[in-house]
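>>> Provide a 3D model corresponding to the input given below.
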Amino acid sequence: MAYLERAITPVLQKRLVNSKCLLLTGARQTGKSTLLKHIFPDYNYVTLDDKLTRLQAREDPKLFFLNHRRPLFIDEVQKEPPLLEEIKILVDESDLRGQFVMSGSQKLELMKGMSESLAGRVSIADLGTLSLREIKQISFNRRFVPTQDYLDEREKELVPYERIWESIHRGLYPELYDAPKEWWDFYSAYVSTYIERDINELVASDSVVFTRFLTAVAARSGELLNYSNIAGDVGVSVSTVKTWISVLERTGIIWLLQPYSTGVLSRALNTPKIYFRDTGLACFLTRWRNPEALQYSAVAGSMFETFVVGEFLKSYSNEGMDHRFGVFFYRGRNNVGRGHNEIDLVIEENGVLYPVEIKLSASPRAEMASAFLALDGIAGKKRGMGVIFCLTDRKHYLRDNLLALPLSYL
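Reported below is the predicted structural model:
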């Protein structure tokens, strides 16, 4: 298969023009190195996966940069944090932009190092797995916000997303779409490599126990994060689970979606929801071996939600946006104190709250969005167009402020 153009490409090109350094983070096998080599072919390349290169970088950073001239692409830069201080010295000596391009698979840890050494000198972006837009080669690259302008522009490149359960089950790692690849073999090797290379460097753990932990988290994708329940299933302490959840987040395996709350929403819960970034990996860990079995299983709803949330959040990162400042979920007790109002996604933009519900149904009804009323009456905010993403084959209004949309609108 030919190279698939990544949606984030123009964002990275623009940022490199305006920054002295560019850092691209993301999980293993999301295509960071391939992308950066493709769009910056004139950069010298060095990877810190090579042990001899790492040794030189650790023992004599100055000599390292004499041997590797700028402009330079450093792959897996988080493996040798002392290099960041030397990069700071080098970029401060010159007004040139785009001196260094870097990649790394430990997002939050890397960002901490960057904030300490390269504050104001580096632009940071995140690369996820392929999006359906990228697979369908759709050039439209705006984050999803259900305004009329977005809907009009999106409809200019609307392509049906067919065989959606095959995509959910297969997952969206680029290598699975580059050449014929056995699903089981790919994910088996992925888990082994991830644990051996990333986890062993970050935490001391038994590989069997950590794999059990991964599986327990995958089985809870789309649920409120409950450290105690996971600890009970895995047989480790709650503090260990908290540490390991942090590792999964900063190595790009999961998202933690934060709850939306204000002083008005006094009944709102403050526990985050956990989502696996790739449904194929989640299916592998929880032993769903084919899309047909998955589609009619008890976990079909949560896996569908995980997939849709993933496509939604990738629309933000591919535009160079951080979803954490404007995308939440809501869960709070209803007005009579029985049961909960739940909204899968709440988009906050320009003082407007756009509620989104995700339903595994081909026949959406307005009652499915009854929880949207919980957002009314918040001072300084107004409720915008609500959306139900579902298995419908077309856009249609359920109310004047409520749309049912197929996934092709993401």
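>>> which residues sit in contact with residue 33?
Each residue near residue 33 by CB atoms under 8 Å, 6 or more residues apart in numbering is listed here: 47, 75, 103. No exception for glycine: its C-beta is placed from N, CA and C like everyone else's.
>>> what's across from the second one in the sheet?
Applying DSSP bridges to residue 75 yields these beta-bridge partners: residue 47.
>>> any of the contacts of residue 33 buried? List them.
Buried members of the contacts of residue 33, scored by 16 or more other CB atoms under 10 Å, are 75, 103.
>>> which of the contacts of residue 33 lies closest to residue 226?
Residue 226 has its nearest neighbour among the contacts of residue 33 in residue 103, at 33.5 Å by CB to CB.
>>> neighbours of the nearest residue to that closest one once chain neighbours are set aside, how many?
Excluding the flanking residues, the one nearest residue 103 by CB to CB, 6 or more residues apart in numbering is residue 32, at 4.2 Å. Look at residue 32: counted by other CB atoms under 10 Å, it has 24 neighbours.
>>> residue 32 against residue 22, yeah?
No - Residue 32 lies out of contact with residue 22 (CB atoms under 8 Å); the separation is 11.4 Å.
>>> quick one: the strands in the stretch 251-400 of the chain, in order.
254-257, 273-276, 327-333, 340-349, 352-358, 382-383, 386-389, 396-399 (DSSP state E, counting those that start in this stretch).
>>> same deal with the stretch 1-150 of the chain?
Under DSSP E, counting those that start in this stretch, the stretch 1-150 of the chain gives strands at 21-25, 44-47, 72-75, 100-104, 122-126.
>>> between the last one and strand 100-104, how big is the angle?
Inter-element angle recorded for strand 122-126 and strand 100-104: 40 degrees (by axes from the mean of the first three to the mean of the last three CA atoms, to 10 degrees).
>>> and the average pLDDT for strand 122-126 is what?
Averaging pLDDT along strand 122-126 gives 92.
>>> and it with strand 21-25, angle?
20 degrees.
>>> which other helices and strands does strand 122-126 contact?
Judged by 3 or more CB pairs under 8 Å, 6 or more residues apart in numbering; DSSP states H and E, strand 122-126 is in contact with helix 9-18, strand 21-25, helix 107-117.
>>> now do the second one
Under the contact criterion of 3+ CB pairs under 8 Å, 6+ apart, the helices and strands touching strand 44-47 comprise strand 72-75.
>>> how far does the strand it packs on sit from its chain's centre?
The chain centroid and the centroid of strand 72-75 are separated by 23 Å under CA atoms, centre = their mean, to the nearest Å.
>>> do stretch 234-250 as well
On CA atoms, centre = their mean, the centre of stretch 234-250 falls 19 Å from that of its chain.
>>> before we move on, what about stretch 133-149?
16 Å.
>>> just the buried residues of it, please?
Buried, per 16+ other CB under 10 Å, within stretch 133-149: 133-134, 138, 141-147.
>>> residue 245 in helix, strand or coil?
Counting by DSSP: H, G, I helix; E, B strand; the rest coil, the backbone at residue 245 sits in helix.
>>> mind listing what it touches?
Neighbours of residue 245 in contact, by CB under 8 Å, 6+ apart: 217, 225, 227, 230, 254, 256, 274.
>>> so where's the chain uncertain?
Confidence mapping of the chain against pLDDT under 70 gives the ranges 1-2, 107-115, 263-269, 333-340.
>>> domain ranges for it?
Using automatic domain parsing, the domain parsing of the chain gives 9-126, 132-409.
>>> of all the ones you listed, which lies closest to residue 3?
Nearest of those (CB to CB): domain 9-126, 6.3 Å.
>>> quote the end-to-end distance of the closest one.
Distance across domain 9-126, first residue to last, is 11 Å (CA to CA, to the nearest Å).
>>> kindly report the same for stretch 144-151.
Terminal-residue distance, stretch 144-151 (CA to CA): 9 Å.
>>> check stretch 226-239 too.
Rule used - CA to CA; the end-to-end distance of stretch 226-239 is 12 Å.
>>> and it, how far from the chain's centre?
With CA atoms, centre = their mean, you get 24 Å for stretch 226-239.
>>> which residues does residue 354 bridge with?
Residues in beta-bridge contact with residue 354 (DSSP bridges): residue 347.
>>> then the one 4 residues further on?
According to DSSP bridges, the partner residues bridging residue 358 are residue 389.
>>> what do you get for residue 343?
Bridge pairing for residue 343 - DSSP bridges - gives residue 330.
>>> so who does it touch?
Here residue 343 is in contact with 260, 329-331, 355-357, 371-372, 374-375 (CB under 8 Å, 6+ apart).
>>> turn the residues you listed into a markdown table, columns for neighbour count.
Converted to a markdown table, the contacts of residue 343 look like this (neighbours: other CB atoms under 10 Å):
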| residue | neighbour count |
| --- | --- |
| 260 | 23 |
| 329 | 21 |
| 330 | 23 |
| 331 | 21 |
| 355 | 27 |
| 356 | 25 |
| 357 | 22 |
| 371 | 19 |
| 372 | 25 |
| 374 | 26 |
| 375 | 24 |
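>>> reformat those residues as a markdown table; add distance to residue 287.
Listed next are the contacts of residue 343 as a markdown table, based on distance: CB to CB, whole Å:
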| residue | distance to residue 287 |
| --- | --- |
| 260 | 34 |
| 329 | 27 |
| 330 | 32 |
| 331 | 29 |
| 355 | 34 |
| 356 | 30 |
| 357 | 29 |
| 371 | 33 |
| 372 | 36 |
| 374 | 37 |
| 375 | 38 |
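>>> ok but residue 167 is inside a strand, no?
No - going by three-state DSSP, the assignment for residue 167 is helix, not a strand.
>>> and residue 395, how far from residue 99?
Distance of residue 395 to residue 99, given as CB to CB, to the nearest Å: 47 Å.
>>> among those two, which residue is more densely surrounded?
Using other CB under 10 Å as the criterion, residue 395 and residue 99 rank with residue 99 on top: 20 against 16.
>>> correct me, but the more buried one touches residue 72?
Yes - contact criterion CB under 8 Å: residue 99 and residue 72 qualify, at 7.3 Å.
>>> hang on, the earlier thing: now the domains of the chain as CSV including distance to residue 3?
Listed next are the domains of the chain as CSV, based on distance: least, CB to CB, whole Å:
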stretch, distance to residue 3
domain 9-126, 6
domain 132-409, 9
